[in-house]
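J.: predicted coordinates and the sequence they were generated for:
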Amino acid sequence: MNPVTGVRRHSETVSSRLDGDVLVVVLDNPPVNAVSHSMREGLLAALTTAGRDDVVAIVVTGAGTAFVGGADIREFDAPITTPTLPEVTAALESSAKPVIAAIDGVALGGGLELALACHRRIATARSSFALPEVKLGIVPGAGGTQRLPRLVGLAAALDLVPTGRTVGADEALRLGLVDELVDTDVVAAAVAVATRSRGLSPRRTGALAVPKLRAEETADLVAAATAKAKGRPAPLSAVLLVRSAADLPLATGLAEERATFLALRASPEAAALRHVFFAERAAARVAGLEGVAARPVATIGVVGLGLMGSGIATAAAIAGYSVVGVEQSAEAASAGEMRIADLIARAARSGRTGGADAATVAARVVTGDDLAALAGADLVIEAVIDDHDAKAALFGRLDGIVRPDAILATNTSYLDPDRLAEAVSNPERVIGLHFFSPAHVMRLVEVVRRAGTAPEILATAIAVARRLGKLPVVTGVCEGFIGNRIFSAYRREAEYLLEDGASPQTIDAAMEAHGFAMGPFAVFDLAGLEIAWARRKRTPRDPAVRHVDVADRLCEAGRFGAKVGRGWWDHVDGRRVASPEVAALIAASRAAKGIVPRPVTADEIVARLTGAMVAEGRALLAEGIAARASDIDLVMINGYGFPAYRGGPMWAAEQGARG
Ligand code: 3HC
């Protein structure tokens, strides 16, 4: 013990001090106090210290801005070392002296499990709580599935554990997950409670009974949670484990939970989801931005209030920005405003406006038909028609209106932002912000870094995307950037497969069975076929490259996709149906080239389509367009429906190569 401070160090990450006769144990493993081996060891040692006579109760708290952000995920690729987290939670729960968790910040995963094993939980309003293990392909491994239902009941636990949903402090209090919220120093409050609880016998979560429900109620809850699990092993196991807490003695439930946790921890799916977790953090590290601060942004202009622009404006308003939306005419502006108001209302109804009501969010948006309204904007995002001349003309006009330091962002999917930048007098402020539709929902934003974009502009664009709740991935300039360039390669290969003998039905079914949200032809139909058709018509074709012209025939026949009810599929009452007309067009294309169709297996479909993605991904890395393979994985998972549990195309290929 340090004789001056009175602080006793139990391990590198755990220390304690006496506050009166209460032992305050501080967990300190920056940045999020993840539970590492040293923390487990230190906590056990601190509990041993607490056995001394001069300690009447124990307060456990986190240093800095987190309680505990979960078990240390970096340890998950190595064998488990003792003491294990269940040993620590068991020691906390069985402590003869009351243990109080003082929570100020996140209590996640193993962190929440520590708190659940304490005898009381006191928290601040900014705290949040979750068992997010399923997002990492695992289940809680230190009592979460058994203690949570004992505290909050089956309905809440079946809502929280299989989804990993985060609850704020107020909801946690309502659920009984925390006992008390304070707006003062949480440790002082916990010490006061601890002092008062001197001599009281601890209320052990594990000793509580799960509140009884009627059998039908339980069955309904289990059925609903099972349906939401979409067949993934981790959430399915979470449902079963939580359900079993109502019937099994604690020790049996804990043993089953641990066995499931260990099995899932070693699964390829969990390894892939860990890769995604670290990929998201790696994407935030952008070369050349070390020490570069983002500028403050308060007002965002959006030009073009079609589907994309309205989605962007909605996301910006929900994030708290002042939004100025501009359209070509007063009618178009008011139609845009109505669309935005509708999107905001829907977001508010489903609880996605951060607690603000729809009217408050909508009041952040003004719309009109005069670009002059953008004079005060810090950032203007254009979302007008994807045509070079239209966008260049708009940038030229904006150049004379916005502040000289305002950022100009283009939402183009395919155009060259370097050429667009030529239209403005100080092009270093031009950047690409490629949103995905619907922009208020889709998490991915490709941040297109031009060679001439100033680092401060890039840092600001990334910061804005983050505040919008998006996952920004930086890409260099090329046709289609990372995502659409890979998607073009995917489309090409899908069309080759068609000609070789597959059908839109077999191809979509194979990719959906592989975990894609939608197969490629369903996606083409949803996006509409005419934009790619127009691009093909204006792009010269290399005669040496195999070309499939079925898509052109579809467009000539007016089969533009789902919105007209006909594309690669027929769309009847929201259902996809195979189209004889399309089958005939495919057969004609084969016949014209003398191709005899052959059976194409689902395995071949998956191998060739993911192979096409990987080959294009490697080219993007070689050209320096993508900074790292994991960025490509994030783009394909968050923009194109690649199953996260397979880690993205680059990760999956690497695992496949390892065997
Ligand atoms: N283990 C190891 N490192 C972690 C971590 C964890 N549980 N949580 C966060 N980190 C690291 C990140 O990798 C990042 O490192 P970097 O700076 O080197 O890139 C750093 O902490 C900061 O993380 P973020 O950039 O994500 O910071 P934010 O402030 O945006 O978010 C957070 C903080 C909300 C804690 C978020 O990081 C998060 O959600 N973490 C994961 C939580 C989680 O899944 N916990 C469950 C783990 S599994 C478990 O507990 C099993 C148990 O049941 C036995």
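T.: Received it, and whenever you're ready, just let me know what you need. This one's a predicted model, so the numbers in the text were calculated from it and none came from an experiment.
J.: now Ala513: how far from Asp603?
T.: 10 Å (Cβ to Cβ, to the nearest Å). Quick note: C-beta positions are derived from backbone N, CA and C, even for glycine.
J.: try Ile340
T.: Distance from Ile340 to Asp603, by Cβ to Cβ: 45 Å.
J.: swap in Thr145?
T.: 36 Å.
J.: same question for Asn426.
T.: Distance from Asn426 to Asp603, by Cβ to Cβ: 53 Å.
J.: quick one, which of those two is more surrounded?
T.: Asn426 (13 against 10; other Cβ atoms under 10 Å).
J.: return the set of buried residues in the lowest-mean-pLDDT helix or strand in the chain.
T.: Ranked by mean pLDDT, DSSP states H and E, the weakest helix or strand in the chain is helix 530-538, scoring a mean of 85. For helix 530-538, the neighbour count (16 or more other Cβ atoms under 10 Å) marks 530, 532 as buried.
J.: once you drop chain neighbours, what's closest to Cys118?
T.: Counting by Cβ to Cβ, 6 or more residues apart in numbering, the nearest residue to Cys118 once its immediate chain neighbours are dropped is Ala101, at 4.1 Å.
J.: list the contacts of the closest residue to Leu241 other than its chain neighbours.
T.: Sequence neighbours aside, Thr145 is the residue nearest to Leu241 in space, at 3.9 Å (criterion: Cβ to Cβ, 6+ apart). Residues near Thr145 by Cβ atoms under 8 Å, 6 or more residues apart in numbering: 131, 139, 157, 161, 238, 241-242, 245, 253, 257.
J.: Phe521 is in contact with Asp508, correct?
T.: Yes - the pair Asp508 / Phe521 is scored as a contact, 5.2 Å apart, by Cβ atoms under 8 Å.
J.: report pLDDT for the closest residue to Pro417 other than its chain neighbours.
T.: Excluding the flanking residues, the one nearest Pro417 by Cβ to Cβ, 6+ apart is Gly432, at 4.5 Å. Predicted confidence (pLDDT) for Gly432: 96.
J.: can you classify Gly432 as helix, strand or coil?
T.: strand (DSSP: H, G, I helix; E, B strand; the rest coil).
J.: please parse the chain into its domains.
T.: 8-264, 299-475, 483-624 (automatic domain parsing).
J.: minimum distance to Phe277: which of the ones you listed has it?
T.: domain 8-264 (6.4 Å; Cβ to Cβ).
J.: which residues does the residue nearest the centre of the chain contact?
T.: With distances taken as Cα atoms, centre = their mean, Arg443 lies nearest the centre of the chain, 6.6 Å away. Going by Cβ under 8 Å, 6+ apart, Arg443 touches 469-471, 638.
J.: can you show me the helices along the stretch 101-250 of the chain?
T.: Along the stretch 101-250 of the chain, the segments classed as helices by DSSP state H, counting those that start in this stretch run 110-117, 144-152, 154-160, 169-175, 186-196, 215-228, 233-245, 250-265.
J.: what distance do you get for the residue of the stretch 201-350 of the chain found nearest the ligand to Lys135?
T.: When you check the stretch 201-350 of the chain against the ligand by Cβ to the nearest ligand atom, the closest residue turns out to be Arg281, at 3.5 Å. Counting by Cβ to Cβ, the gap from Arg281 to Lys135 is 14 Å.
J.: the more surrounded of the two?
T.: Lys135 (17 against 9).
J.: you'd agree the more buried one is up against Leu273?
T.: Yes - between Lys135 and Leu273 there is a contact under Cβ under 8 Å: 6.6 Å.
J.: pull the CA atoms of stretch 505-517 into CSV?
T.: Extracted in CSV, the C-alpha atoms of stretch 505-517 (Å, rounded to 0.1, in the frame of the first residue of the first chain):
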residue,chain,number,x,y,z
GLN,A,505,-33.5,-18.2,-59.2
THR,A,506,-30.7,-20.7,-58.6
ILE,A,507,-28.1,-17.9,-58.3
ASP,A,508,-30.2,-15.8,-55.8
ALA,A,509,-31.1,-18.9,-53.8
ALA,A,510,-27.4,-20.0,-53.6
MET,A,511,-26.3,-16.6,-52.4
GLU,A,512,-29.2,-16.2,-49.9
ALA,A,513,-28.4,-19.7,-48.5
HIS,A,514,-24.8,-18.5,-48.1
GLY,A,515,-26.1,-15.7,-45.9
PHE,A,516,-26.6,-12.7,-48.2
ALA,A,517,-29.6,-10.6,-47.3
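J.: contacts for that stretch?
T.: 494, 497-498, 518-522, 569, 576, 578, 600, 602, 605-606, 609-610, 641-643, 645-646.
J.: just the buried ones from those?
T.: Buried residues within those, counting neighbours by 16+ other Cβ under 10 Å: 494, 497-498, 518-522, 569, 576, 600, 605-606, 609-610, 641-643, 645-646.
J.: show me these that map onto helices.
T.: 494, 497-498, 520-522, 605-606, 609-610 (DSSP state H).
J.: state the pair within the contacts of Thr145 that is farthest apart.
T.: Taking Cβ to Cβ, no two of the contacts of Thr145 sit farther apart than Leu131 and Gly253, at 14.8 Å.
J.: which one of these two is surrounded by more residues?
T.: The residue with more neighbours, out of Leu131 and Gly253, is Leu131; 30 against 24, by other Cβ under 10 Å.
J.: the more buried one contacts Gly141, doesn't it?
T.: No - counting by Cβ under 8 Å, Leu131 does not reach Gly141; the two are 10.3 Å apart.
J.: hmm, stretch 44-63 in reach of the ligand?
T.: No - judged by Cβ under 6 Å from any ligand atom, stretch 44-63 stays clear of the ligand, getting no closer than 10.9 Å.
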